[in-house]
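> next come a sequence and a model predicted from it.
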Amino acid sequence: MEKIDIKYLCKRFSLDQDEAIGGMRKIIYDQTIDPKNVMSAFYIFLKTFPCSTAECERGFSVMNNICT
């Protein structure tokens, strides 16, 4: 993920840019660091994205079943 992408996501979803960029730098430099401790808000935000299109479609299907 590039710095520009991180800045865009932070601006779009009102997250702390400095925490996210600094956290990513720390994680890249030292991969033993836990992302939850370095950039908690950005980490929680990233966990909400589906890993694949199929996972996203399953989520929509479940929401559709709940609504009907």
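Cool, the structure landed.
> how close does the most centrally placed residue in the chain get to C67?
In the chain, the residue lying closest to the centroid (C-alpha atoms, centre = their mean) is L46, at 1.2 Å. Distance, L46 to C67, using C-beta to C-beta, to the nearest Å: 27 Å. From N, CA and C alone the C-beta is placed, and that goes for glycine too.
> cool, and L9?
As judged by C-beta to C-beta, L9 and C67 stand 28 Å apart.
> Y29: neighbouring residues, count only.
Each residue near Y29 was counted by other C-beta atoms under 10 Å, and the total is 8.
> hang on, the earlier thing: pick out whichever of L9 and C67 has more residues nearby.
Shown here are L9 and C67; by other C-beta under 10 Å, L9 has more neighbours (17 against 6).
> buried ones in the helix or strand harbouring the more buried one?
Secondary structure assigned from DSSP states H and E places L9 in helix 3-12. Judged by neighbour count using 16 or more other C-beta atoms under 10 Å, the buried positions of helix 3-12 are 6, 9-10.
> G23: which of those residues is nearest?
I6 (9.3 Å; C-beta to C-beta).
> doesn't R25 make contact with the closest one?
No - here I6 lies out of contact with R25, judged by C-beta atoms under 8 Å, at a distance of 10.2 Å.
> might you list the low-confidence residue ranges for this structure?
The chain contains residues with pLDDT under 70 at 1, 50-51, 68.
> longest helix anywhere in the chain?
Counting residues, the longest helix found in the chain (DSSP state H) is helix 53-67.
> nothing else from me, thank you.
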